[in-house]
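>>> Show me the folded form of this:
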Amino acid sequence: MLLQGKKALITGGSSGIGLATAKLFKQNGARVAITGTDQGKLERAKAEIGGDTVAIQANVVSVADLTRMAEETKAAFGTLDIFFANAGAAAASPLGATEEAVYTRLMDVNVKGVFFSVQAVVPLMTRGGSIILNSSWLDLRGVAGRGILSASKAAVRSFARTFAAELAPKGIRVNAVTPGFIRTDMLKGLPEQKLTEALAGIRMGRAGEPADVAKVILFLASDLAGYVTGQVLGVDGGMIL
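Numbers count the residues shown, from 1 in each chain. As a prediction, the model looks like this:
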């Protein structure tokens, strides 16, 4: 019960890594709130996690929604010990064939959404609190056709360090995880050939599961990582060596 009595908020908590993390937090004693844009998915996730889970419909690209998210979290919990900025978007963005709308969506969700969601919750965070950001293995690799996604995730990697420096005087730790190929909805659209090629480059010989990432996030959220801040931990099965 590493999080006994703790209160946690997870954006994008209705599926994938966010849902797996919410379940693990709950199993370890935390009270959990999740956000998402689809009310039906939120309600199903709430039932999976546990009946006292708080489900908040909010879009991270909307500052008004994030302000309301913080208000509803405060009303439910009073204060917050853990924030996992998980909500993200992915899309191909080849240099010669990418429309402005793709750039706008990726930057809005992955950069603006992370920055302003953290801004919204910091006033609720307790001393000793933990913020975890979800980046990607792409934040360090040059992969053709993924320029905008990679740049947006590199910004998240940078946020982990700048936020850690800024929030240290408040006693708040900030770290990030960089998942590799994880079996979430984002992988479903990947051509089989691409998936096969990717798996060939993973030293552990398999794609990861959302639970693999959730366990690392649990560590960063807990007091076991009480002297860890400004770090970026890879959860990629050995893709980046």
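
>>> Quick one: residues contacting residue 238.
Applying C-beta atoms under 8 Å, 6 or more residues apart in numbering, we find residue 238 in contact with 202-204. All C-beta atoms are positioned from the backbone trio N, CA, C, and that covers glycine.

>>> On the pLDDT front, check it for me.
On pLDDT, residue 238 comes in at 87.

>>> quick one: it from residue 146, how far?
Residue 238 is 20 Å from residue 146, where distance means C-beta to C-beta, to the nearest Å.

>>> What is whichever helix or strand residue 114 is part of packed up against?
Residue 114 is part of helix 113-121 when elements are defined by DSSP states H and E. Helix 113-121 sits against helix 63-77, strand 80-85, strand 125-134, helix 147-167, with contacts defined as 3 or more C-beta pairs under 8 Å, 6 or more residues apart in numbering; DSSP states H and E.

>>> nearest to residue 108, of those?
Nearest to residue 108 among those is helix 147-167 (9.3 Å), distances taken as C-beta to C-beta.

>>> Point out the other helices and strands that the closest one packs with.
For helix 147-167, the packing partners by 3+ C-beta pairs under 8 Å, 6+ apart come out as helix 100-107, helix 113-121, strand 125-134, strand 173-179.

>>> which of the residues in it are buried?
For helix 147-167, a neighbour-count test (16 or more other C-beta atoms under 10 Å) marks 147-157, 159-161, 163-164, 167 as buried.

>>> Give me the distance between residue 149 and residue 106.
For residue 149, the distance to residue 106 equals 6 Å [C-beta to C-beta].

>>> and for those two, which residues touch both?
Shared contacts of residue 149 and residue 106, defined by C-beta under 8 Å, 6+ apart, comprise 90-91, 93.

>>> mind listing what the residue nearest to the spatial centre of the chain touches?
A centroid search over the chain (C-alpha atoms, centre = their mean) returns residue 86, at 1.9 Å, as the residue closest to the centre. With contact set as C-beta under 8 Å, 6+ apart, residue 86 has these partners: 10-13, 17-18, 21, 134.

>>> Of those, which is the nearest to residue 121?
residue 11 (9.5 Å).
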